[in-house]
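> how would this look folded up:
(chains A and B)
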Amino acid sequence: MSIDWKAYDPGHFYDELISSPGYPRAAARELCKRLRRLSDEELMERRDAAELAIIVMGITFTVYTEGGSIDRAWPFDIIPRIIPRKEWEHTEAGLKQRVQALNHFIHDIYHDQKIIKDGVFPQALLDSSKNFRPECVGVNPPLDTWAHICGSDLIRDADGRFYVLEDNLRVPSGVSYMLENRHVMKRTFPEVFEHQNILPVDDYPAQLFDMLASMSPRPQDYPVVTVLSPGIYNSAYFEHAYLAQQMGAELVEGRDLMVGKDDCVYMRTIEGLTRVDVIYRRIDDLFLDPEVFEPNSLLGVPGLMRAWRAGNVALANAPGAGVADDKVVYAHVPDMIRYYLDAEPILDNVPTYVCHDEKQREYVLANLDKLVVKPANESGGYGMLMGPSASKAEREEFAELIQANPRNFIAQPLINLSTTPTIDGQGKVAPRHVDLRPFILSGQEINVTTGGLTRVALKKGSYVVNSSQGGGSKDTWIVDAETKPRRSHALKSG
Amino acid sequence: MLSRVAENLYWTARYMERAEDLARLVNVHSNLILDLPRSVELGWEPLIAITGAEKAFAGLFEEMDERNVTRFLIADKRYPGSILSALFMARENLRSTRDLVPREGWEQVNDLYLHARQELKGGIAKRKRYDFLRGVIQRCQQLTGLLSGTMSHDEAYEFIRIGRNLERADMTTRILDVRSEDLLPRRAEDLTPFENIQWMSVLKSLTAYQMYRRNVRVRVRGADVLRYLLQDPNLPRALHHCMSQVEASLHALPRNDAPLRAVTRMKRQVQEADVPRLAETGLHEFIDDIQVDLGQIHGEISNTYFLLDRAA
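Sure thing, here's the model as predicted:
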């Protein structure tokens, strides 16, 4: 037995690899052909090899349990998700445009607030923003850039188009797994890489370092770049350590840093105090500096905001960048693109109803059974209402919540996330829902990862892609199907 | 290299060495007691004295008998100087420096702690004690070997070596101090067979008996043992050797002036000591001085590399 693509039916969903039973999409043809040649046993052998590689390579993520936290092997599916290069270039352009507009917006919000004065963005939304930081007003970070690292979540609806689901501008994670997924794939399926043009992903750490270095307040020197982590108990510690290592940067915790009387940041090393130029911080705003924010926080560095405001250290992302990481603000991103860039958005938002608007709120309240309701500032899928599958009582409860605090809620139609072939519990290939998180770096130039992290819901019919809740991940291939791969051996001439 | 990381590695090594040395000590003392006739009074007090834990012990137990002492030194979580506590602390310190130490090193320490916790009862019960303690010693040695054979011999490694050798020097001097208290006032010509056995036990707790026989002489004599354990340049647990190791490690580190000065000063003192006289009188005071010096060396290392709170 081997994979029977004719028996693979994604139904009314858009499938990433198979256009209809038996017919792989152009970019996936080579892969589907090779997969079909494998027997069930061979397929399982490859899967086991991938699992072993993950354990050997020590790719883990941390799950909080009642007894503390534990490291688990990263859940991975060996069938990659494929996006044709042409299509990706379009998406990439859309993401760049979006992040540019977001950076303009954040900078504007902390300076002249022209977008509000011109009536494009409502003052009331800003007044009720949870992630607006008055401490950041008037600050001029290098290149006027605030959101240096953005992880935007993309989904594909049944129409096959990409939509932006949200923009993560605080401390988006997952990029290390995107990089490691590729390493695992290369170990598991070396031969499929030889026969087609799969664009590489491993440039990211170098790009990240260059971007961070370009923010340095001391451009003449080789800058000292650090990754600031809350420490080993944080769920993303693997990523913090991984990125620091890949960039050759120092992995520090708050207690390793101090701010001197000269308002510069130093790290405590065996050589003495060493000045730090750039901090890629993986700590939330409110824990960054106990002098300014949460006074009891031990994670941060007293005086850090002082040093940042004085321009003596660069922080990525800049404090306050989260003001645009708000699902209500998200609804306004297309307007921002028109306003700041004088262009039409290349990528669409998922249709979104904002509850602070009376008309839209009425529609939401009348259609709770068709909509997904999300709080403005939660992440990880917390505090949501899945209208179509919710009980009457749950819907009533949410109606009350919305009426009590309309600013805090948005609603969206349920999106029929696209599927892609995935190995199920029985070792058979079946359609499973996926999303995609590309990472966009903004420095002197804007760079988007080649593809991104594909997360997959491993349970049949499930939309839950979070690894902490049983989701998995896949390697994401941007495939150039139009350029023929090189087949001939190079010969030494003369 | 970050100060925090250097400090964690230094303490990991100190705690591992402490666990190993305590295991040696309890083991040798258990054997010594079996060898001595009942007429020679030797209780378990010396072990408590060596670790400097009289107060802590008195707070937890009344009688200094075998059961209480071994339980206290091997398995008591309430006593921060027990083998179990030392292993726990080593593990906690190593946990946050996993990127510098080979993965197997972390696994080894983790495994050792879990093993020790699980086998505690055996560690206290007389019949299984030997196996348990030998297991601890072997696993500690295994870690030392593993790091030596797989870890880059860079600054991080030097901090491990410094921690190990300082702790070792500390333990060697403590053992000499307490054991000589019992033994030294008598004169060499009065050596009884039992004194001989006790000096052998000093050598044995440092696994130095065989080396002593090979390198010094056939008979075990107080002054010779003392000289060997204080001044021998080649024996790994001799004070002189430990301090030479610390010195060599410091040479590989930046800003080493102050700690190096302290080490050199102490080494000179040890080398110039009049051992035959010390064997008769003044050893306790001499070792007190050395203990103070060791504390100072730790202080200089700590000030130089770990504590950088001076405002910039």
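> CA only for contacts and neighbour counts going forward, please
OK.
> list the buried residues in the strand or helix carrying B:V292.
In this structure, B:V292 sits in helix B:283-301 according to DSSP states H and E. Buried residues in helix B:283-301, defined by neighbour count with 16 or more other CA atoms under 10 Å in any protein chain shown: B:283-284, B:286-287, B:290-291, B:293-294, B:296-301.
> any chance of JSON lines for the residues you listed, columns pLDDT and distance to chain A?
Below are those laid out as JSON lines (pLDDT from 0 to 100; distance: CA to the nearest CA, whole Å):
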{"residue": "B:L283", "pLDDT": "87", "distance to chain A": "36"}
{"residue": "B:H284", "pLDDT": "86", "distance to chain A": "35"}
{"residue": "B:F286", "pLDDT": "92", "distance to chain A": "32"}
{"residue": "B:I287", "pLDDT": "91", "distance to chain A": "31"}
{"residue": "B:I290", "pLDDT": "94", "distance to chain A": "26"}
{"residue": "B:Q291", "pLDDT": "94", "distance to chain A": "25"}
{"residue": "B:D293", "pLDDT": "96", "distance to chain A": "22"}
{"residue": "B:L294", "pLDDT": "96", "distance to chain A": "20"}
{"residue": "B:Q296", "pLDDT": "96", "distance to chain A": "18"}
{"residue": "B:I297", "pLDDT": "97", "distance to chain A": "16"}
{"residue": "B:H298", "pLDDT": "97", "distance to chain A": "15"}
{"residue": "B:G299", "pLDDT": "96", "distance to chain A": "14"}
{"residue": "B:E300", "pLDDT": "96", "distance to chain A": "13"}
{"residue": "B:I301", "pLDDT": "96", "distance to chain A": "10"}
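> who's in contact with the helix holding B:V292?
B:166, B:170, B:173-174, B:177, B:180-181, B:258-259, B:262-263, B:266, B:278 (CA atoms under 8 Å, 6 or more residues apart in numbering or on different chains).
> of these, which one scores lowest on pLDDT?
Among the contacts of helix B:283-301, B:E181 carries the weakest pLDDT, at 62.
> what is the burial count for A:H183?
Per other CA atoms under 10 Å in any protein chain shown, the neighbour tally for A:H183 reads 18.
> A:V479: helix or strand, and which one exactly?
Secondary structure from DSSP H and E places A:V479 in strand A:471-480.
> who does that strand touch, helix- and strand-wise?
Identification of packing neighbours for strand A:471-480 by 3 or more CA pairs under 8 Å, 6 or more residues apart in numbering or on different chains; DSSP states H and E yields strand A:76-84, helix A:85-109, helix A:175-188, strand A:197-198, strand A:453-457.
> run the last query once more with 6 Å
Packed against strand A:471-480 by the contact rule (3 or more CA pairs under 6 Å, 6 or more residues apart in numbering or on different chains; DSSP states H and E) you find strand A:76-84, helix A:85-109, strand A:197-198, strand A:453-457.
> what's the last one packed up against?
Applying 3+ CA pairs under 6 Å, 6+ apart, one finds that strand A:453-457 makes contact with strand A:429-437, strand A:471-480.
> over to the first one?
Using 3+ CA pairs under 6 Å, 6+ apart as the contact criterion, the elements in contact with strand A:76-84 are strand A:471-480.
> and the strand it packs on, average pLDDT?
93.
> again with stretch B:115-127
Averaging pLDDT along stretch B:115-127 gives 77.
> stretch A:220-231 too?
pLDDT averaged over stretch A:220-231 gives 91.
> setting aside sequence neighbours, what's the nearest residue to whichever residue of the stretch 51-200 of chain A sits closest to chain B?
The nearest approach of the stretch 51-200 of chain A to chain B comes at A:G58, 9.3 Å away (CA to the nearest CA). Once flanking residues are discounted, A:G58 sits nearest to A:A73: 7.4 Å by CA to CA, 6 or more residues apart in numbering or on different chains.
> and the pLDDT for that neighbour?
81.
> how much space separates it from A:H104?
40 Å (CA to CA, to the nearest Å).
> the two: who's more crowded?
Taking neighbours as other CA under 10 Å, A:A73 and A:H104 compare with A:H104 leading, 21 against 16.
> can you give me the pLDDT of whichever residue of the stretch 351-494 of chain A sits closest to chain B?
Distance from chain B to each residue of the stretch 351-494 of chain A (CA to the nearest CA) is smallest for A:S468, at 22.8 Å. pLDDT recorded at A:S468 is 72.
> show me where the stretch 1-150 of chain A has its helices.
Ranges of helices in the stretch 1-150 of chain A, per DSSP state H, counting those that start in this stretch, are A:29-37, A:40-57, A:85-109, A:114-117, A:123-127.
> please save the CA atoms from the fourth one in PDB.
What it means is helix A:114-117. Taking C-alpha atoms only, helix A:114-117 is exported to PDB below (Å, rounded to 0.1, in the frame of the first residue of the first chain):
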ATOM      1  CA  LYS A 114      -2.000  63.100  12.500                       C
ATOM      2  CA  ILE A 115      -4.100  60.000  11.700                       C
ATOM      3  CA  ILE A 116      -6.400  61.000  14.500                       C
ATOM      4  CA  LYS A 117      -6.500  64.700  13.600                       C
END
